[in-house]
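Chemist: quick one: sequence plus predicted model below, questions after.
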4 protein chains.
Amino acid sequence: MPEKMIPGKHLWFFDYFPGGDVGLFMRISNMVHSQQTRYQRIDIFDNPTLGRVFALDGITMTTDADEFMYHEMLAHVPMFSHPNPVSVLIVGGGDGGTLREVLRHPGVKRAVLCEIDEQVVEAARQYLKTSESFDDKRAEFAYENGADYVKRFKNEFDVIIIDSTDPTAGEGGHLFTQEFYKSCFDALREDGILTVQAENALYDFGWTKITHRRISSVFPIVKAYQGFVPTYPSGYWLYIFASKNIDPVENFRYDDAKNMSQKLKYYNEELHKACFVLPNFIKNELKGKM
Amino acid sequence: MPEKMIPGKHLWFFDYFPGGDVGLFMRISNMVHSQQTRYQRIDIFDNPTLGRVFALDGITMTTDADEFMYHEMLAHVPMFSHPNPVSVLIVGGGDGGTLREVLRHPGVKRAVLCEIDEQVVEAARQYLKTSESFDDKRAEFAYENGADYVKRFKNEFDVIIIDSTDPTAGEGGHLFTQEFYKSCFDALREDGILTVQAENALYDFGWTKITHRRISSVFPIVKAYQGFVPTYPSGYWLYIFASKNIDPVENFRYDDAKNMSQKLKYYNEELHKACFVLPNFIKNELKGKM
Amino acid sequence: MPEKMIPGKHLWFFDYFPGGDVGLFMRISNMVHSQQTRYQRIDIFDNPTLGRVFALDGITMTTDADEFMYHEMLAHVPMFSHPNPVSVLIVGGGDGGTLREVLRHPGVKRAVLCEIDEQVVEAARQYLKTSESFDDKRAEFAYENGADYVKRFKNEFDVIIIDSTDPTAGEGGHLFTQEFYKSCFDALREDGILTVQAENALYDFGWTKITHRRISSVFPIVKAYQGFVPTYPSGYWLYIFASKNIDPVENFRYDDAKNMSQKLKYYNEELHKACFVLPNFIKNELKGKM
Amino acid sequence: MPEKMIPGKHLWFFDYFPGGDVGLFMRISNMVHSQQTRYQRIDIFDNPTLGRVFALDGITMTTDADEFMYHEMLAHVPMFSHPNPVSVLIVGGGDGGTLREVLRHPGVKRAVLCEIDEQVVEAARQYLKTSESFDDKRAEFAYENGADYVKRFKNEFDVIIIDSTDPTAGEGGHLFTQEFYKSCFDALREDGILTVQAENALYDFGWTKITHRRISSVFPIVKAYQGFVPTYPSGYWLYIFASKNIDPVENFRYDDAKNMSQKLKYYNEELHKACFVLPNFIKNELKGKM
């Protein structure tokens, strides 16, 4: 059968990685939603292999197939490293996946999602499964620039998670500044932990290193860890863990982690330690920046 | 500026030509409408160069930039060849472009648009400029298989225009059969004229030749003519003119054509004659089939 | 069978039309030759539908499937309009297709191919069938900027054919200046004729109009004509005929054209006239520029 | 500047992942080598971000940017788990990268590269840096089907490494059978270790599971481990370690690994342990198959 006869082979999404010379292509079997907001372009579509795909400004944010890999690693590493996280701030993350993971922790009393673009939250609510926790009573929404929001708090949160878009996309840039990390430090309580998504070591390693250096100038304990996210550039994602006094490998709540990991698809108590073991080329580059 | 920062470079439409090894790609700057109907997939989007694009099953049907080239040639060649067309049938053509051209002729009292897929007409009404004549009182709509519809009429129409999708797409196949052409002959009045879109001489020439042969077995006068339609495969389109007794070059209403062509963008009275002059490789192939 | 198992589905050529939002894609089933010369990038590959494809700087120059359409119309319209062309200059056209058509005329004693990039001629000789006339004794090669070359001649050629790349590509720009057309006028003999490829009416119409206006300021008789070239942008190509005193429709050698057209695949004596009949939107735009 | 003016934006490589609906695209800035051998199609080209890329049948095998990630993990995990590897067999791996890593071990006296396609080795020698160890005197080449080759040996090798193409590509299928793994067992000496590349957990997880099950039916100790290979489907690669009696985490030569890892870019003694810690969804799926 000639290809022209196959309905649905004609719409494709191209996620160009930095530089524009490599990227991921995905067939759009069903175009679900396409919208230009004040801040960015939202596209939501279905792909036969990946399920529902959510993109901002042409950059893949989540897919049904692998969003759990990203969200579990971003949320549970800091959450289980903290002795008792009660108050949590998520900056970005309008799709809701990180919020969902944070709210799995029964001790959490308040989880603020500070997302600059209300339209993203609305689109997620309507079209994405990651939004399942939006109606949880502990969830609170702030539609505001995260850098401005954080500045208003002192000694308020146990854990802050930066679930931002790329520094080069839309309004993401101000979430990668030293000033912002300082505000986060101040907004954290005594045992406070900050975790940020920190790009990847192939296409955006410059940003990883800058981020690592800037956070290291603010927090006493800073460690990078890794996870796999197949639909992000390179498939191999880096995160930075920063804290006032907690070491994520020595101090984490092993038994609680082991217990919850029964219900998780990616994170487990052994991975919590193993994810801090990095390949030489990453370890050496980041060491030089510390 | 890296390409990943350019919003809107990430959605593309690929119109594969028969064989699947060549085709036209178009950037989707705005996804307007995407729908799977009972019969086919409708996609409507905007492209910076071509304007609004309308596709069925991944095959480009109309674009703002060149739809007039196709519709004017499909409609006015038969309409000005006929001495006085009053009753016209358009089979297919749910976008409305052919209807619009037919209704420019003040002598027309009734123009039936027989389109199998009502959803196409609805989408056109909502999103496409070609639908501008849908509310003309002389327009009549039949949502039915064209082959079935035509069979019910004898000696009814002055001009029948087949504005179908490709023979290989959706429900278009039955509009390319000898039986169908025989039904058209019977449904035409004494001076009746049939015109059909007949594909192209590079990617679908087999269909052009089959169509030409089948029509030639039913009508005494059959002539192919050409026109340019940049967004159709090869950009060079063939049409077949068939009639009971009228020769389109000898007998056409030159003065009326000249008069109306003041308002048209493609068709004119000189082109009416010139379009029947074909390149050797087409002329020779079609001659062999007569 | 999954697509990844189909050898040869993985290399594709994208010919972006001006603006970069529309273009033609072709599968590369066999990569024949790829080279960066001093002037431009040469790519030669095979496509299952189009045969061998030759591109400069990512712009399709010839394919086996349709090169004859372009070359026959570019060469035979001026050659049969001239009463007795003996000395012919081709500027550009390093693939050899135009030369081949010119040399079909037995009266031609000398045909100069002035191509700036010797590597193009070498690649054509090795890989392209269009080069079949390179060893004809009447052929002469000058590897030089066409604008400089023409300047050195007065009253030398009967026909000059500009078979250039696009004005925006490589070194093609200087072949679209008024000064160059003046040099061509001076280099032509009394009945001299100039023909230039003049882009298309959808993606490059600005260039067509500029070219038409500039030539019109130099030559007394200027007429645009059309042809079908499926693998060029829009598939609908425009050419400009200019002469010192010959009208291409009134004065052409009909019988000679008819005789030779037996051996040609596109051009014939009827098309010679019909190709000067243009759609309204082109006719009107060019009229305004005369 | 319009894109059509950018030389080199027109050739692209599309690596379709299984299913054909997702994949990686790479711009070809320079086409180096393209060849159809008796067994497969070889393509070698340059990409601005990834450097030189080597593909078989449209599937990426190596790129300058990340080949070390794959080869170091495939080779050093078994090599440092074995107490004293002297004789090593590599099946596949015609690019030479695995051979290079194996030969870093000074105790190795003989390393056989059994590659079915001699043309791959020849192309690697000419165009790929991974071939740097081809002239090492300890290297031996066998151009033969790996399944046939292994069958001829009993108690011969300390380590066998299967560096094959995908099971669905070319001749790779017979390297994924239970019979083949049995032959490997027999060809291994007492402390023998087998390592195989085992696809990925997103696009080819079915193959990973089949491979794991088949090897588990032959070897007493079988453990999967992970690594990051950005240009392979999903970026997250799985390997299977199998041995007659050695546990790769308990028994490996930590000090030797630590010493060599000074010179390596990916592998290190900590990763040797951490790479066996897998995400839940992989761990659970493979557990079920044991």
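Modeler: Looks like it came in fine. In this text, all values refer to a predicted model and were calculated from it rather than measured experimentally.

Chemist: and the residue nearest to A:Pro48 when sequence neighbours are not counted, how many neighbours does it have?
Modeler: Take A:Pro48 and drop its neighbours on the chain: the residue closest to it by C-beta to C-beta, 6 or more residues apart in numbering or on different chains is D:Asp21, 4.7 Å away. (C-beta placed from N, C-alpha, C; glycine too.) Look at D:Asp21: counted by other C-beta atoms under 10 Å in any protein chain shown, it has 22 neighbours.

Chemist: so who does D:Asp21 touch?
Modeler: A:Met26, A:Arg27, A:Ser29, A:Asn47, A:Pro48, A:Thr49, A:Leu50 (C-beta atoms under 8 Å, 6 or more residues apart in numbering or on different chains).

Chemist: rerun at 10 Å
Modeler: A:8-9, A:12, A:25-29, A:47-50, C:2-3, D:203 (C-beta atoms under 10 Å, 6 or more residues apart in numbering or on different chains).

Chemist: select only the buried ones of these in ChimeraX?
Modeler: Only the buried entries of the contacts of D:Asp21 go into this ChimeraX selection, using 16 or more other C-beta atoms under 10 Å in any protein chain shown:
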select /A:8,9,12,25,26,27,28,29,47,49,50 /C:3 /D:203
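
Chemist: show me which of the contacts of D:Asp21 is closest to chain B.
Modeler: A:Trp12 (5.3 Å; C-beta to the nearest C-beta).

Chemist: show me what that closest one bridges to in the sheet.
Modeler: A:Arg27, B:Trp12 (DSSP bridges).

Chemist: any idea how far C:Val22 is from it?
Modeler: Distance of A:Trp12 to C:Val22, given as C-beta to C-beta, to the nearest Å: 15 Å.

Chemist: in chain A, which spans are strands?
Modeler: Under the criterion DSSP state E, strands of chain A are mapped to A:11-16, A:22-27, A:30-36, A:41-47, A:51-56, A:59-63, A:87-92, A:110-114, A:139-142, A:157-163, A:188-197, A:221-228, A:236-243.

Chemist: which stretch among those comes nearest A:Ser81?
Modeler: strand A:188-197 (5.9 Å; C-beta to C-beta).

Chemist: could I get the average pLDDT for that closest one?
Modeler: Computed over strand A:188-197, the mean pLDDT rounds to 97.

Chemist: adjacent strands (with direction) for it?
Modeler: strand A:157-163 (parallel), strand A:236-243 (antiparallel).

Chemist: okay, helices next: where are they in the stretch 151-290 of chain A?
Modeler: A:178-187, A:205-216, A:254-261, A:269-274, A:280-289 (DSSP state H, counting those that start in this stretch).

Chemist: quick check: buried residues in the first one?
Modeler: Looking back up the chat, that one is helix A:178-187. A:Phe180, A:Tyr181, A:Lys182, A:Ser183, A:Cys184, A:Phe185, A:Ala187.

Chemist: which helices and strands does it pack with?
Modeler: Other helices and strands packing on helix A:178-187, by 3 or more C-beta pairs under 10 Å, 6 or more residues apart in numbering or on different chains; DSSP states H and E, are strand A:87-92, helix A:146-151, strand A:157-163, strand A:188-197, helix A:205-216, strand A:236-243.

Chemist: who touches that helix?
Modeler: A:89, A:91, A:146-157, A:160, A:162, A:164, A:173-175, A:177, A:192, A:194, A:196, A:210-211, A:213-220, A:240, A:242-244.

Chemist: how far is it from where the chain is centred?
Modeler: 18 Å (C-alpha atoms, centre = their mean, to the nearest Å).

Chemist: and the angle for the worst-scoring helix or strand of chain A on mean pLDDT with strand D:221-228?
Modeler: Least confident helix or strand, chain A: helix A:280-289 with a mean of 85, by mean pLDDT, DSSP states H and E. If you take axes from the mean of the first three to the mean of the last three C-alpha atoms, to 10 degrees, helix A:280-289 sits at 50 degrees to strand D:221-228.

Chemist: I'd like to know how many residues surround A:Thr130.
Modeler: Neighbours of A:Thr130 (other C-beta under 10 Å): 26.

Chemist: pLDDT value on it, please?
Modeler: The predicted local confidence for A:Thr130 is 98.

Chemist: pull out the buried residues from stretch A:134-149.
Modeler: A:Arg138, A:Ala139, A:Ala142, A:Asn145, A:Gly146, A:Ala147, A:Tyr149.

Chemist: hang on, the earlier thing: tell me which of the strands paired with strand A:188-197 sits most buried.
Modeler: Highest mean neighbour count of the strands paired with strand A:188-197: strand A:157-163, a mean of 27 (counted as mean count of other C-beta atoms under 10 Å in any protein chain shown).

Chemist: report the angle between it and strand A:110-114.
Modeler: 30 degrees.

Chemist: put the alpha carbons of strand A:157-163 into CSV.
Modeler: Output in CSV follows, covering the C-alpha atoms of strand A:157-163 (Å, rounded to 0.1, in the frame of the first residue of the first chain):
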residue,chain,number,x,y,z
PHE,A,157,9.5,25.6,52.6
ASP,A,158,11.2,22.3,53.4
VAL,A,159,11.7,21.4,49.8
ILE,A,160,11.8,23.5,46.6
ILE,A,161,11.8,21.8,43.3
ILE,A,162,12.6,23.7,40.1
ASP,A,163,10.8,21.9,37.3
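
Chemist: could you check how far it is from the centre of its chain?
Modeler: 11 Å.

Chemist: how much space is there between A:Gly51 and A:Ala65?
Modeler: 5 Å.

Chemist: an error on my part: the question was meant for A:Lys9.
Modeler: For A:Lys9, the distance to A:Ala65 - C-beta to C-beta - is 20 Å.
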